[in-house]
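**Student:** need coordinates for the following:
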Amino acid sequence: MTLAAHSVSASFADAGGVAILALQDVSARFAPGQLTAIVGPSGSGKTTLLLALAGIVVPQQGRILFGDVELSRLNERQRDAWRLAHCGMVFQDFRLIDELDALANVLLPAQFSRLHLPAALRQRGIELLARFELPQRAGPVARLSRGEQQRVALARALLLDPPILLADEPTASLDADNGRRIAAALQDIARQGKTVVTVTHDERLSALADQVLAMKSGRLVTQP
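**Tutor:** Modelled structure (predicted):
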């Protein structure tokens with residue numbers, strides 16, 4: 001199924017209560033098997049669009065659709081359930097739990113909705129760590145390098161095998177080797193039939209994308 005934004009606008013109030021229009025009439029389609037890079041200067045609305053696609057930000061106007069499901073018509077609990085079932089997310093700050101080891105962090109999404117963790121999911125977590133060349137260490141993830149932590153975050157996002165992967169600046173603050181590794185992994189994930197959307201300033205990553213959307217002042221300046 002295709003993920004799509006139709007004439008989406010979203011605004012926020014600043015500290016003084018003044019409305020800031022973060023998205024202005026944005027329309028775009030994100031197809032399975034496609035890697036999309038959203039580029040543009042800081043403050044252009046890139047992350048807001050990513051959060052709208054995840055159902056975290058609800059637009060004031062327009063629609064976010066995944067197939068026949070309109071996310072903005074769902075209540076918060078329904079959007080949370082939709083996101084858990086359909087959407088893996090990689091945040092710029094990773095959002096790992098420092099005290100837990102890599103495998104425990106990867107397994108967290110499964111534990112939100114299950115009292116008992118199936119053995120098959122635990123095995124999938126182990127396989128994902130191996131896929132991204134991460135050893136199963138007993139120590140906390142706080143001891144890992146930033147590149148390793150980013151790969152743990154990516155493995156966590158893929159645990160439940162979601163059809164959509166959304167990543168916010170996945171190569172930011174990484175060295176060149178780790179940046180190339182993450183970019184190649186995202187391209188490979190898209191080739192496996194998933195919808196992959198990433199916000200990035202990294203030209204190496206955007207060069208691998210099937211679709212590049214440029215934003216400025218909340219608008220798309222490169223039409224899909």
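
**Student:** and Ala22, which helix or strand is it part of?
**Tutor:** Ala22 belongs to strand 19-30 when assigned by DSSP states H and E.

**Student:** and the helix or strand following that strand, what does it pack against?
**Tutor:** With elements assigned by DSSP H and E, the helix or strand that comes after strand 19-30 is strand 35-39. Using 3 or more Cβ pairs under 8 Å, 6 or more residues apart in numbering; DSSP states H and E, the elements in contact with strand 35-39 are helix 46-53, helix 176-191, strand 195-199, helix 203-206, strand 211-216. (C-beta placed from N, C-alpha, C; glycine too.)

**Student:** buried sites along stretch 99-119?
**Tutor:** Along stretch 99-119, these residues count as buried under the neighbour rule (16 or more other Cβ atoms under 10 Å): 100-107, 109-110.

**Student:** nearest to Leu208, of these?
**Tutor:** Of all the buried residues of stretch 99-119, Leu208 sits closest to Val106, with 24.4 Å by Cβ to Cβ.

**Student:** if I pick that closest one, what's in contact with it?
**Tutor:** With contacts defined as Cβ atoms under 8 Å, 6 or more residues apart in numbering, Val106 is in contact with 125, 128-129, 152, 155-156, 159.

**Student:** wait, Leu21 sits on Ser11?
**Tutor:** Yes. Contact between Leu21 and Ser11 holds when scored by Cβ atoms under 8 Å: they sit 4.8 Å apart.

**Student:** quick revisit: keep only those of the buried residues of stretch 99-119 that are in helices.
**Tutor:** Those of the buried residues of stretch 99-119 mapping onto helices are 102-106, 109-110, per DSSP state H.

**Student:** which residues does the residue positioned nearest the centre of the chain form a beta bridge with?
**Tutor:** If you average the C-alpha coordinates of the chain and look for the closest C-alpha using Cα atoms, centre = their mean, you land on Leu166, 2.0 Å from that point. Leu166 forms beta bridges with Met89, Val197, as assigned by DSSP bridges.

**Student:** ok, it touching Ala54?
**Tutor:** Yes. Counting by Cβ under 8 Å, a contact exists between Leu166 and Ala54, whose distance comes to 5.5 Å.

**Student:** take stretch 30-47, keep the C-alpha atoms, and write them as CSV.
**Tutor:** The C-alpha atoms that make up stretch 30-47 are tabulated as CSV, following Å, rounded to 0.1, in the frame of the first residue of the first chain:
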residue,chain,number,x,y,z
PHE,A,30,5.7,7.3,-0.9
ALA,A,31,5.6,3.9,-2.6
PRO,A,32,6.7,0.4,-1.4
GLY,A,33,10.1,-0.4,-2.6
GLN,A,34,11.1,3.2,-2.8
LEU,A,35,13.7,5.2,-0.8
THR,A,36,12.7,8.8,-0.4
ALA,A,37,15.0,11.6,0.9
ILE,A,38,13.4,14.8,2.2
VAL,A,39,16.0,17.6,2.0
GLY,A,40,16.1,21.3,2.8
PRO,A,41,17.4,23.8,5.3
SER,A,42,16.8,23.5,9.0
GLY,A,43,13.3,24.7,10.0
SER,A,44,11.9,24.0,6.5
GLY,A,45,9.3,21.4,7.8
LYS,A,46,11.1,18.2,7.0
THR,A,47,10.8,16.6,10.4
